[in-house]
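Asks: Sequence first, predicted model second:
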Amino acid sequence: MNQNIKPLRLLVPLVLFVLVILGVIKYLIPYLTSVLGSFVYAVVGGIGFVWLILFVVFRWLMKAAPKSAADILAKGGVEAQANILAIYDTGMKIKDMYSVLRVQVAVQSPDRPQFQTEINGLFSQKNPPQVGSRVTVVYLPHNIKTIAIKGE
């Protein structure tokens, strides 16, 4: 998908919501406030506030979502070898088949000094990564926190 279209997908619902709220304020609020007082302002404001919080949380979750190796490679990622130093179970599981793990790795890349970072990802419980094993990773050179294990 074109990267320029993604922000529009998030902006359109926000603009539509604001237009609906403005329409409610312009036409219904003057009539209803004479009948119900400030209760209507509280309800409309509360609904708008809850929607805004949900929108912000959703955006944050989408940014926090783990990137796939293919996504990172498409954005100019670099392949390298890494040793798994430690594995931490987050306690999250999906259908008792996958676990969300935090994997600490030491990355050896031919074009930069060795560095350590963590990978948050979804791993099969049948074949989980093992401490001490060597894996191929893909990372962004300008942001080593954006990293994924290739083939997972």
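Replies: Received it, and whenever you're ready, just let me know what you need.

Asks: how much space between Gly76 and Ile94?
Replies: Distance of Gly76 to Ile94, computed by CB to CB, to the nearest Å: 30 Å. C-betas here are computed from N, CA, C, even on glycine.

Asks: need the strands for the protein, in chain order.
Replies: Secondary structure of the chain (DSSP state E): strands located at 78-94, 98-109, 112-124, 134-140, 143-149.

Asks: want to try JSON lines for these, with mean pLDDT and distance to Lys67 as columns?
Replies: Output for those, formatted as JSON lines (pLDDT from 0 to 100; distance: least, CB to CB, whole Å):
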{"stretch": "strand 78-94", "mean pLDDT": "90", "distance to Lys67": "14"}
{"stretch": "strand 98-109", "mean pLDDT": "91", "distance to Lys67": "14"}
{"stretch": "strand 112-124", "mean pLDDT": "88", "distance to Lys67": "9"}
{"stretch": "strand 134-140", "mean pLDDT": "91", "distance to Lys67": "9"}
{"stretch": "strand 143-149", "mean pLDDT": "86", "distance to Lys67": "6"}
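
Asks: Among those, which comes closest to Ile53?
Replies: Among those, the nearest to Ile53 by CB to CB is strand 78-94 (22.7 Å).

Asks: Not counting the closest one itself, show me its contacts.
Replies: The contact list for strand 78-94, computed with CB atoms under 8 Å, 6 or more residues apart in numbering, reads 73, 99-111, 116, 120, 122, 125, 128-141, 149-150.

Asks: That one: how far from the chain's middle?
Replies: Chain-centre distance of strand 78-94: 17 Å, with CA atoms, centre = their mean, to the nearest Å.

Asks: repeat for stretch 106-126
Replies: 19 Å.

Asks: go on, stretch 145-152?
Replies: 15 Å.

Asks: tell me which residues of that stretch are tucked away?
Replies: Thr146, Ile147, Ala148, Ile149, Lys150, Glu152 (16 or more other CB atoms under 10 Å).

Asks: want to try TSV for the strands of the chain, with distance to Gly48 as columns?
Replies: Output for these, formatted as TSV (distance: least, CB to CB, whole Å):
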stretch	distance to Gly48
strand 78-94	32
strand 98-109	33
strand 112-124	33
strand 134-140	37
strand 143-149	34
